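Enquirer: Structure of the sequence below:
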Amino acid sequence: MTKKKIFLSIITILILTITLFLYVKRDKFAYVGSVDIIEVDCGKKHQILSEVYESDQRIRRSNQLIKYAKEDHRNQELVISIIEKCGMPTLNEVSQKHMDAIWLGLQHTTKKHREKYFPQIEKAVKNGDLSKQQYALMKDRILMGNGKPQIFGSQIKNGKLYKLENPETVNERRKKMGMGTIEDYLKNFNIQYNPN
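Expert: I've put the predicted structure just below:
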């Protein structure tokens, strides 16, 4: 055998080994596919949203997003499917916990879906179905996702406050949204606020 054939054989075996490993361990990786609209029973939206809320909070408390990526993905699909098939719920139809589940599902989904459903979040905030703080958190996340400065100072990236528009007036904007000061908020992340 020539050196070239030996080299190609080694590369082929290596590629097959890696492919087999990735296939066997496929459930261990964070990416679980696109967020699709799935069948939901609109008559059971209370139960579905209760389960989504409990699941989302359990996942966030565990701080092991990769371990629960499939469950998180499923929650996002359920929330989006309820909105698409049953309409955006209101507090006249569901509880605050259920509305929070809708918000959590959209806050934790892809940039594309967050932007698509943000007008419905805005409307829910205007109607009193969701809080101004929830609006602020999602608005900042959307801005960050688009590489723009955030407005309310809610987003942390790589252990630091993500870039902020007009830092000198951030606490005024936060107060209007029912949020505490930026200084107090950042203490939760062991970050000292430096407006410069």
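Enquirer: Would you pull up how far the lengthiest helix in the chain lies from the middle of the chain?
Expert: Taking DSSP state H as the criterion, the chain has its longest helix at helix 3-24. From the chain centre to the centre of helix 3-24 is a distance of 37 Å (CA atoms, centre = their mean, to the nearest Å).
Enquirer: got the CA positions of it in CSV?
Expert: Provided in CSV are the C-alpha atoms of helix 3-24 (Å, rounded to 0.1, in the frame of the first residue of the first chain):
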residue,chain,number,x,y,z
LYS,A,3,1.4,6.2,1.8
LYS,A,4,-1.5,8.0,0.1
LYS,A,5,-3.8,4.9,0.4
ILE,A,6,-2.9,4.4,4.0
PHE,A,7,-3.6,8.1,4.8
LEU,A,8,-7.0,8.0,3.0
SER,A,9,-7.9,4.8,4.9
ILE,A,10,-7.0,6.4,8.2
ILE,A,11,-9.1,9.5,7.3
THR,A,12,-12.0,7.3,6.2
ILE,A,13,-12.0,5.3,9.5
LEU,A,14,-11.7,8.6,11.5
ILE,A,15,-14.7,10.1,9.7
LEU,A,16,-16.8,7.0,10.2
THR,A,17,-15.9,6.8,13.9
ILE,A,18,-16.8,10.4,14.5
THR,A,19,-20.0,10.0,12.5
LEU,A,20,-21.0,7.0,14.6
PHE,A,21,-20.1,8.7,17.9
LEU,A,22,-22.2,11.8,16.9
TYR,A,23,-25.1,9.6,15.9
VAL,A,24,-25.0,7.6,19.2
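Enquirer: Mind checking the pLDDT average for the next helix or strand after it?
Expert: Using DSSP states H and E, the next helix or strand after helix 3-24 towards the C-terminus is helix 45-62. The pLDDT scores in helix 45-62 average 94.
Enquirer: Just the buried positions in stretch 34-54, please.
Expert: V35, V40, K45, I48, L49, S50, V52, Y53 (16 or more other CB atoms under 10 Å). Yep, even glycine has a C-beta here, placed from its N, CA and C like the rest.
Enquirer: how about CSV for the residues you listed, with distance to D72 added?
Expert: Shown next, in CSV, are the buried residues of stretch 34-54 (distance: CB to CB, whole Å):
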residue, distance to D72
V35, 10
V40, 17
K45, 19
I48, 15
L49, 15
S50, 16
V52, 10
Y53, 13
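Enquirer: give me the element P89 is part of.
Expert: Applying DSSP H and E as the criterion places P89 outside every helix and strand.
Enquirer: Where does pLDDT dip in this structure?
Expert: Within the chain, the stretches falling below the threshold (pLDDT under 70) are 1, 19-32.
Enquirer: Tell me which residue is most central in it.
Expert: Taking CA atoms, centre = their mean, the centroid of the chain lies closest to H108, which sits 1.3 Å from it.
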